[in-house]
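[1] The sequence and its predicted three-dimensional model are supplied below.
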Amino acid sequence: MNSNKQNIIQLKNVIATRLTPLIDNDFILLDIPNHRNIGDSLIWKGEVEFFKTLQHKCIGQYNRYTFKKSDIKSDKTIILLHGGGNFGDIYESSQSFKKYIIERFPNNKIIILPQTVHYNSEANLKRDFAIFNGHHDLYIFVRDLISYDIIKENFNGEKLKLAPDMAFFLDFDSDIRNTETLKNLYLNRTDAEAIKDSFQNVIEGEYDIKDWPTYNSSSQRLNIISNYIEALDGKLSNVIKYFPGSSLIIDNAYGFKKKNGMDLHINRGKEFINQYHKVYTTRLHGLILSILLDKEVVILDNVYGKSKNFYDAWLKDFNNVKLYVKNES
């Protein structure tokens, strides 16, 4: 059994206690991640597991390219927007989709599932919340106190909620492996949130430096090709969804991709983490997946403190989870 089992159960209870009462009708999940980020697949799977505990039904799941306004047929349908770390001005396509939904569905209850918030521009923040504050029944869940404070200054505090990441609704106890290797992993993100500093002097013993295995980090060319394929899938889905019989060609969740992509990504992530004795990670979901697989993990953080802020909010009592703090002296 996971050495953090009770701590994980407590986080699940926080989510259920704060989120379940708001979902008082059938609902739809939007902006699900039709891409290679294993972390987003973990969040999505956690959301799906959470839905199994609810009295009301999920009547559809759409990514931002397959969704049509006509897919929501009633003002009573609750709209859930996928959680993660894309609230702000780093990931423009996801933020623009949030604004589109909030403006187009003024009479539906909308719940943004637990997010990390980050803005590089105060002007962008003010512009976004001019839209968000125009909706009378919008709830925003955030994953850390820094995000909470950012939104509290700009939004109705009664509809702002603090909750852990939805991936904590996953149970991977049967996947826990006591590996014989002493090799460690330095899971170093290579995307827009990557930090410039190297942490290699922090890592003990023999180790590999890798990003998620879905990112082809050993071949920049393959990674670029994969990015183009994902972009093309979205563009084609966005056009073909309006054709008669489009549902026979594209899947609402996966577009033109394999219909089990979420589970494939998660399985690759579990196999990847389970190869190592100890994990040093700049990815939040490298941290969360390592906890779910009962690995010793050291938090190195991303460029704006996402993982540190999450640790401060929820993980201080967890076993074998340490936060690296750089010595400035």
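    Here it is on my side, so go on.

[2] and residue 101, how many neighbours?
    Residues lying near residue 101 (other C-beta atoms under 10 Å) number 22. Quick note: C-beta positions are derived from backbone N, CA and C, even for glycine.

[3] And residue 39, by the same measure?
    Counted by other C-beta under 10 Å, the residues lying close to residue 39 total 23.

[4] Which residues are in contact with it?
    Taking C-beta atoms under 8 Å, 6 or more residues apart in numbering, we find residue 39 in contact with 84, 167, 212, 283, 284, 285, 286, 288, 289.

[5] C-terminal to the helix or strand where it lies, what's the next element?
    Remark: residue 39 resides in helix 38-51, with elements defined by DSSP states H and E. Tracing the chain past helix 38-51, the next element assigned as helix or strand by DSSP H and E is strand 58-62.

[6] list the buried ones in the next helix or strand after that next one?
    Per DSSP H and E, the first helix or strand lying C-terminal to strand 58-62 is strand 78-81. By neighbour count on 16 or more other C-beta atoms under 10 Å, the buried set for strand 78-81 is 78, 79, 80, 81.

[7] so can I have TSV of these showing pLDDT and distance to residue 186?
    Formatted as TSV, the buried residues of strand 78-81 follow (pLDDT from 0 to 100; distance: C-beta to C-beta, whole Å):
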residue	pLDDT	distance to residue 186
78	98	41
79	98	39
80	98	35
81	98	33
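
[8] Can you add distance to residue 161 and give those back as JSON lines?
    JSON lines is the format used below for the buried residues of strand 78-81 (distance: C-beta to C-beta, whole Å):
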{"residue": "78", "distance to residue 161": "15"}
{"residue": "79", "distance to residue 161": "16"}
{"residue": "80", "distance to residue 161": "13"}
{"residue": "81", "distance to residue 161": "14"}
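
[9] nearest to residue 178, of those residues?
    Minimum distance to residue 178 across the buried residues of strand 78-81 is 37.3 Å, recorded for residue 80 (C-beta to C-beta).

[10] what's across from that closest one in the sheet?
    residue 29, residue 111 (DSSP bridges).

[11] Now do the contacts for it.
    Residue 80 neighbours (C-beta under 8 Å, 6+ apart): 23, 27, 28, 29, 30, 47, 110, 111, 113.

[12] Could you break this protein into its assigned domains?
    Listed by automatic domain parsing, the domain ranges of the chain are 5-169, 173-217+258-323.

[13] Relative to residue 225, which of those is closest?
    So among those, domain 173-217+258-323 is nearest, using C-beta to C-beta, at 8.5 Å.

[14] any idea of the mean pLDDT for the closest one?
    Averaged across domain 173-217+258-323, the pLDDT comes to 90.

[15] Just the terminal-to-terminal distance for that domain.
    One end of domain 173-217+258-323 to the other measures 24 Å (C-alpha to C-alpha, to the nearest Å).
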